[in-house]
Each structure stands twice: as C-alpha cells, then as structure tokens.
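Peer 1: Okay, predicted coordinates and the sequence, questions at the end:
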Amino acid sequence: MNKHFVMHSYHPAVSGLFLLLILVITMLTLHPLLLVTSLVTGTVTGSLYYGRNFFKRGLFLGVSVGLYAVLIYPIFNHNGSTPLFYINQMAVTKEAFVYGITMTTLLVTVFLWCEVGRALLDSERLLYLVGKLFPSLGLMLSISFRFLPMLAHRLTRIRQAQRGMGRRREDLSFLMRCKLLSKEISTLLSQTLEITAASSISMESRGYGVTKRTAYTRFTFRKSDGLRCLILVLLGSPVLYLVLSGSFQVNFFPDLNLSDLNPQMILGWLLMCLLALYPALAEWIHHMKDKHATNHSIS
Amino acid sequence: MQQTILSLENLSFTYPGDHHPVLSDISLTLKEGEITLLCGASGCGKSTLLSHMKKDQIPFGTGSGRILFEGQELETMSDLDSARRIGYVGQDPDSGIVTDRVWHELAFGLENLGVPTDEIRRRIAEISEYCGITSWFDKDINQLSGGQKQILNLAGVLVMQPRLLILDEPTSQMDPIGVRRFVDLLSRLNQELGITMILCEQHLEEVLPIADQLLILEEGRLIASGPVDKAHELIRQGRSATGHPLAVEGAMPLALCVYLGHPFASALAPAPWSIRCGRSLLRRQLSPEASRSGEKKPSSRRHPEKKEKPAVFARDLCFSYEKNTSVLDHLTLSVYPGECYGLLGGNGSGKSTALKVLANILPKKSGKTDCRGKVLYLSQDPRDLLTEVTVEDELAEAFWGTGSSPSDMEETITSMLEKMGLSHCRNMNPMDLSGGQQQRLALGKLLLLEPEILLLDEPTKGLDSGFKQHLQEILTSLLAEGMTLLLVSHDLEFAARICDRVGLLFQGRITSEGSVREFFTENAFYTTAARRMTRNILPDCIFPEDILARLKKEEPNG
C-alpha cells in the first residue's frame, strides 16, 4: 500500500469528488445493472490499490452479511407474491430473497468503495479536504491523528510495565482485570496531562494564537485538476440525473419489477462504467505512458 | 566587541509557597554567536533559569531583577517578536511535537505567524535540507525515532529563524548515536549560521567541546562562569566557593576529570576535554616504560560459579514483531544467581525486546527460557508504573492483587522509603518527583514484591550523574543481598561500574561476552572513555580512578 498511485499526484479534490459521486450514485440505486457494475468496478479498483487480499476481504464481508440478508431476512419478511416454500405456514418469497441479495450487494459495494476511499484519501488528504470545509477542525484533527496512536502506544507500554510487575491478566478474575485496566488508564491519563501541558508550551512558544494562522498545504490545484473534476462531473451528473429521475427504478414488492432496458439506460450504464473506472483508467494510462517512455529511452 | 543578545541582571526568583528562592542574584550575558553551556545537578534551578529567557514561559512566582533581550525588557516584547526571535526546545521529544506529519510540524510555527503559503513552502524546504530531514519528510510522526523527533523539534523552531535558541536538556532521552547527531547539528548551526544558543545538558562529554561559555549553577546560585577553555579553573573556583566538590564534576569529560584529579607537571592553557587531549596529557606525564609495566589486575569482583545452575537462562531464543524481520535471532544467554549481567547494544539491537521476552511480557516465537525465581521487570519509563497520588500510596499499591498485604505495611513502606532515599517526599505526588526519584520509587515498588531476579530496562535514561551514583549504590546493595540483576543499557560507563559480566547484543544475538574488565579492555571502540583514553598508554584502566591510581603510582619514579 505504500506504492505511489497516480491519483495521489492529483489534487485531493479530484479524489474527493470521485468518491462523492460514486458513493452517492451507488447508495441511491438498487438497480442490478448499476449495482453489479459498481460492485465489479469497485473490486477492480480496490485490488489495484490493495492487491489480491482486497478481494478476499470483500468476499468475507459479503458472505457474512449475505448470510443474514439471504437466509434470515426472507424468513421475517413475507411480502412478495411468489412463495418458494413455507415455514410455520408463513411464505418465504422469491422477492424477499432477491431484495436480501440486492441489499447485501449494496452494503458490500459501499464498503468496497469506502476502502478504495481510504487508499485515495490518506489522512493528509482527508485532513486537507476537511480543513477546507471546516477550517477550525483541520488543526484539531491533525493533533488527534498524532495523539491517538501515541496514546495507544503508551497504553501498550503501561500494560507491559504492569505485566512486568507480575500482574498477569490470565491469572486475574474478571473483576480484578477491570480494576487493573482502570489503573492502567489512570496512569495513561496522568501521562497524557503531562504531555498536553508540555505540548501547549511548545505551541505557545512557537506563536500559536499570536495572529491569524495560515493553513499551509502541500497541494496546488492545477489546471489539469480542474479538467479532471470537469470530466468527473460530466460523467457523473447524467447518471445521477437518470437515477434521481427514476429511470433505474426497481420495485421488489409485491412483484419484482425492473424497468426495461432503453437507450437512456444503456448510455447511463456506459457513463457509470467510465466514471467508476476513472482511477483504474488513469492508472492504466499512466502506466502505458511510463512503459512507452522506458521503451523509448532503451531504443 | 560582540553584541549582547540577552542579559540578566540580579535575577532572583521564588516559586509560590516556597521559602527558599530557586534562583538568587543571577547576572549573566549571552553574546551573539556564542554557545553557552549551563550545568548543575538536577533541581539546582537550571530549567527555571532557562524558562526566564522566554517571555511566555516565565513561571508563576515572585521575582526581581532585570531581563534584557537585545537591550529591550523581555516583558515588554510583543508575543509575535518573542515567538519569532527566541526559540525553545524542551526535554521530551514527544511532547514538543504538535501535529501528525513531519512537514506539518515544520510548517506549524510559520502558520501561526501568518506567513504566506509560498514562503512557508520555501522555508521548510530549506530547513529540511539543512537538517537532513528530507528523507523522512513525508513520514508520520509516530514512525520516527526519539532522535529524529528531537531534530524535528529543533527544526520546527529553527524554521522561524530565531536569534536565540534555548535548549533545556534536549538530549536527555536519547541514545548515544542520537546525542552525537543532535550535538553535531547544533555545532553546525552555530558555526555556519552563527546562531546564539544557551543549553543545559547532562552529556557534557559531547557538548562541552562545542561550547564557548560555561556557567555552573549550584543551588540557585551562579558559582562560576567564564570561557570553556578555562573549565578547570572554573571548577576550582566553584570548589573554593562552595567548599566541596561540585555536583557536576561527575558529568565532566574524562580528560578534564583526570586533569583536575592529579597534579600534572605541565599546565595546559585550554582545559583538555577530548580523549585526544587527554591522551597527549598522559603521554607527556608518563614515562614510556609505564605502558609496558602493566600487570593484569586481579578482579576483585564476585566471579560467578559457572557450575551453578543459571538463574536466567535462554537458549536459541527467537522473536519477531512482524514476519520476516527477526528481532532476536537464536539468542543464548545465562545469568548466574547473584550476579549483575549487562546486555549492551545500539538502538534496535533488540535489547529491550530480549528483556521483555525473558520477563514473559512478549511471547517468544521459539527457543527455551528458564528463570529460577520470581522475575520482575522495571520499565524504561518509571512513570508507566505509577498510579497513585502520593508516594506512600504508590508503594502500598504494590501489594494490590497479591491477596496478602503485610500486617506491618506501614513499617515496610517506611523502611523502603528510607532505602530509596525518598523519606522526605512521602506525601508528594509521584508526578512531581524528578526523573531520578521516580526511578527509585518505581524500583522500590518492585522490591516490595520481593523479586529474586530483577530485569532493568535502560535504568539510567534521563538521569544525571548524581542520580546515577545513587542508583548504583542501591543496585550494589541489592546485589550484596543476593539479588540477580539483568540490565540493558547503552550507558557503557554505568554498565562498567555495576555489572559483573556484560554481553554485546548485535543483530539479535550476543556477539561477545565477558567479565567487565575483559570486555572493556578487549574492545577498542565500544568501551569506556577511560579505556579509550589509555589504550596503548596504560594497561587495564577502565575507570577514571584506575587512571588516577596509576598516575599516583608512577609519581615517585617520574
């Protein structure tokens, strides 16, 4: 995951806009065509960033949520007009099954895209976007991103010190274990107070609050980033329009009802494919250019 | 004539509720482009004095006297000027850092001053190149080593281009390599950019050579001040002022200690502080025969009975935090009952990990360990063990969960307080104690549990020479009572004094091992200062006392 991706060389707004579009579209539709497209492209993009393991993770989540949605949900939801079989004289219907499967797909897809989002927007980029939207939050988040891992590290150290005193968790009763934890946390708290006091001195001595702050960022919004955002908007807005205007309407109950495919939908689907594959395509084009450049330099 | 950057005139200061002033009648001047070194024992008021040099850090209390920065009263300086022109770096690398990324930390000060983005970009690039940060510029702060963090703290202050840099024991939490790197950077800043600095330090061996002015503080009084070249005279002056040897002498560079400890025939104009100066001093003093006349000194120390079963035993011990990176690689180690074993090694050699695996805090991956007796482990940072609000309660807490609290607890605790030299702080909050006192409190807490084997992780970290001495006395008395000690340290001088045997851990296994005298006399680089100074000149000297004793012996002949 420490590899450098071409999306990282763009301004964070590009990644932010992309994720916003793809998540909104995915969450607003239950149409199998768009959902499956989103699922497949999400998996492709995710594997690009995380490697093969990504697929396994998605599958694991899919199976566990799916178990609930496909096996349990239909037992409790008896709407739908096509009974498959009966349990306690209640119908388990085909429609409920399909609905369960669709919801699972939606959940897994959203999860996958969120994971992709984590790769596209690391803490620095996320911080930048949040800081742009809510300036006072920016520095606070930065401080907490530093603080939380440090606290976790210190807690580990404190627990090791307690263990070194011969207090082994496995020898203690549940109550004693809780008491030990509260001791460890109280130690952590007093250390934290000490650190925050020293940090505030360090902040003050470097002029915090003396005058209006600048928010320094390492990102510059170039013309090409504007172009990229424009492309994303051009790809995304028609799809969004179609979804909102009901072209991809699906009814599950009482009867499964998919609207027939029409040219509009096919256009929408194509645009969706292009949009969802944007990072993958950007990566691929970059890769081809690189390859070309190397070949060129060899010959 | 050099310009005066800062001057204090008759400064006195008393903390609220205290009867004795922490600082009394201190006058000094800092000249532009000079490095001033402030030294004194813990608790002598060094930090209080330094905090008077920056407006927003002057502590609450009653003071008198004048503080002038470039001729202007410090109190009347604007906050903006104070932030920009006076930089301050504190002791703890962790707490000085505010943000989560290296680049952001560098930009933080400039952001506060409202510097435009383009200028910030230019200035942090510049400072990053100068301080050698560029290779870890993108990193998360939590991935940095302690030494890197402190360099970052310094760079984060430097980027604001201060006129005066105040450094309060910046290297006390670092390993020797980190100290050297940091001090080199300070020296470059001073030599190449002429930045004025005042620092207080415990690592005088490294810092003294780069300093220009030396101030010796004892119990809130400035007892001697002058050019570093005359350090020996300053110390003598201090001795006569106080009537006893100074607390800081133990931390002085070895060559200087030897020079002070023996009446040498040839007086030196600049005080000797480097090993090189010390060597030429010895060469001049000693006849060439002296180096050949050395006979092996029989070791007066306890020798372990090797036939005995070891108290701590490990064979082919392996450990790793992540796949494919082994921290311990078939480590084999025996520590015999009643001996003190020192595991030495650089950063990342796996010393602390080895200790934690032996203490059963971390699970071993493979290999055999066997500890005969109750093993307790003292963490590197003693504060990790402290949970209560008074020192007394803290000791009583040791019995928590053991089911048995001794009937005469009061008495046990009182005697432990006495043993650790903490009787006077019985009702204090453990967090208000100094580093050395916290260390002893944590040690006392463990001792109440009556361990037979004690594992100590960097016991001298952050301690000044007085506290080290005290710790050494305590550990020696524990050894006399039959305790087995295993300690890891990069403090060679301390290990040489306390250990019976030492081993060098390198890349996860012990590469050399031996009794203290064998180990330190056989090593050429990784050895005590006394050995480095006497190599090929005097045989078998690993402590300053050894050198002084030899010099005395040579006296009648020479």
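Peer 2: The structure has been received and is ready for your questions.

Peer 1: Looking at the residue of the stretch 51-200 of chain A found nearest chain B now. What's its pLDDT?
Peer 2: Closest to chain B within the stretch 51-200 of chain A is residue A:164: 2.9 Å, counting by CB to the nearest CB. Every C-beta, even on glycine, is put in place using the N, C-alpha and C of the backbone. What the model reports as pLDDT for residue A:164 is 92.

Peer 1: what's the nearest residue to it if we skip its chain neighbours?
Peer 2: residue B:377 (2.9 Å; CB to CB, 6 or more residues apart in numbering or on different chains).

Peer 1: Now name the helix or strand holding the residue nearest to residue B:199 when sequence neighbours are not counted.
Peer 2: Closest residue in space to residue B:199, ignoring its immediate chain neighbours: residue B:167 at 3.8 Å, by CB to CB, 6+ apart. If you go by DSSP states H and E, residue B:167 is part of strand B:164-168.

Peer 1: sorry, back to before: can you tell me which residues contact the residue of the stretch 51-200 of chain A closest to chain B?
Peer 2: When contacts are counted by CB atoms under 8 Å, 6 or more residues apart in numbering or on different chains, residue A:164 touches B:356, B:359, B:361, B:376, B:377, B:378, B:379, B:455.

Peer 1: Distance check, residue B:50 against chain A.
Peer 2: 12 Å (CB to the nearest CB, to the nearest Å).

Peer 1: wait, is that residue part of a helix?
Peer 2: Yes. Per DSSP: H, G, I helix; E, B strand; the rest coil, residue B:50 lies within a helix segment.

Peer 1: so how many other residues sit close to residue B:514?
Peer 2: Using other CB atoms under 10 Å in any protein chain shown, residue B:514 is surrounded by 15 other residues.

Peer 1: bridging residues for the closest residue to it other than its chain neighbours?
Peer 2: Distances taken as CB to CB, 6+ apart place residue B:501 nearest to residue B:514, at 6.6 Å, with adjacent residues excluded. Beta bridges link residue B:501 to residue B:341, residue B:515, judged by DSSP bridges.

Peer 1: Might one say that residue B:501 is in contact with residue B:512?
Peer 2: No. With contacts counted by CB atoms under 8 Å, residue B:501 stays clear of residue B:512, the gap being 11.2 Å.

Peer 1: The residue nearest to residue B:514: neighbour count?
Peer 2: 20.

Peer 1: Name all residues that make contact with it.
Peer 2: The contact partners of residue B:501, by CB under 8 Å, 6+ apart, come to B:304, B:339, B:340, B:341, B:342, B:513, B:514, B:515, B:516, B:519.

Peer 1: Select only the buried ones of these in PyMOL?
Peer 2: Of the contacts of residue B:501, the buried ones can be selected in PyMOL as follows, counting by 16 or more other CB atoms under 10 Å in any protein chain shown:
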select buried, chain B and resi 304+339+340+341+342+513+515+516+519
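
Peer 1: out of the contacts of residue B:501, who's nearest residue B:66?
Peer 2: The closest of the contacts of residue B:501 to residue B:66 turns out to be residue B:342 (CB to CB; 49.8 Å).

Peer 1: From what I see, the closest one and residue B:493 are in contact.
Peer 2: No. With contacts counted by CB under 8 Å, residue B:342 stays clear of residue B:493, the gap being 11.3 Å.

Peer 1: Now do the same contact list for residue 47.
Peer 2: No chain specified, so I'll use chain A. Contact partners of residue A:47, counting by CB under 8 Å, 6+ apart, are A:54, A:55.

Peer 1: wrong one, I was asking about chain B
Peer 2: Applying CB under 8 Å, 6+ apart to residue B:47 gives the contacts B:168, B:169, B:200.

Peer 1: Also residue A:103?
Peer 2: A:30, A:69, A:73.

Peer 1: try residue B:327
Peer 2: By CB under 8 Å, 6+ apart, the contact list for residue B:327 reads B:319, B:320, B:321, B:350, B:353, B:508.

Peer 1: Near chain B, which residues of the stretch 51-200 of chain A are found?
Peer 2: Contact residues, the stretch 51-200 of chain A versus chain B (CB under 8 Å from any CB of the partner chain): A:123-124, A:139, A:142-143, A:145-146, A:149-150, A:153-154, A:157-158, A:160-167, A:172, A:176, A:179-180, A:183, A:186-187, A:190-191, A:194-199.

Peer 1: And those, which of them are buried?
Peer 2: A:124, A:139, A:142-143, A:145-146, A:150, A:154, A:157-158, A:160-167, A:180, A:183, A:187, A:190-191, A:195, A:198-199.

Peer 1: how close does residue B:365 sit to residue B:17?
Peer 2: From residue B:365 over to residue B:17 the distance is 54 Å, taken as CB to CB, to the nearest Å.

Peer 1: Actually, residue A:284.
Peer 2: From residue A:284 across to residue B:17, the span is 71 Å (CB to CB).

Peer 1: Which one of these two is surrounded by more residues?
Peer 2: Ranked by neighbour count (other CB under 10 Å), residue A:284 and residue B:17 place residue A:284 first, with 13 against 6.

Peer 1: OK, contacts around residue A:283?
Peer 2: Residue A:283 sits in contact with A:5, A:6, A:7, A:48, where contact means CB under 8 Å, 6+ apart.

Peer 1: count of neighbours near the last one?
Peer 2: Here the count is done by other CB under 10 Å, and residue A:48 has 17 residues near it.

Peer 1: That one: which element?
Peer 2: helix A:32-50.

Peer 1: What's the mean pLDDT across that helix?
Peer 2: 91.
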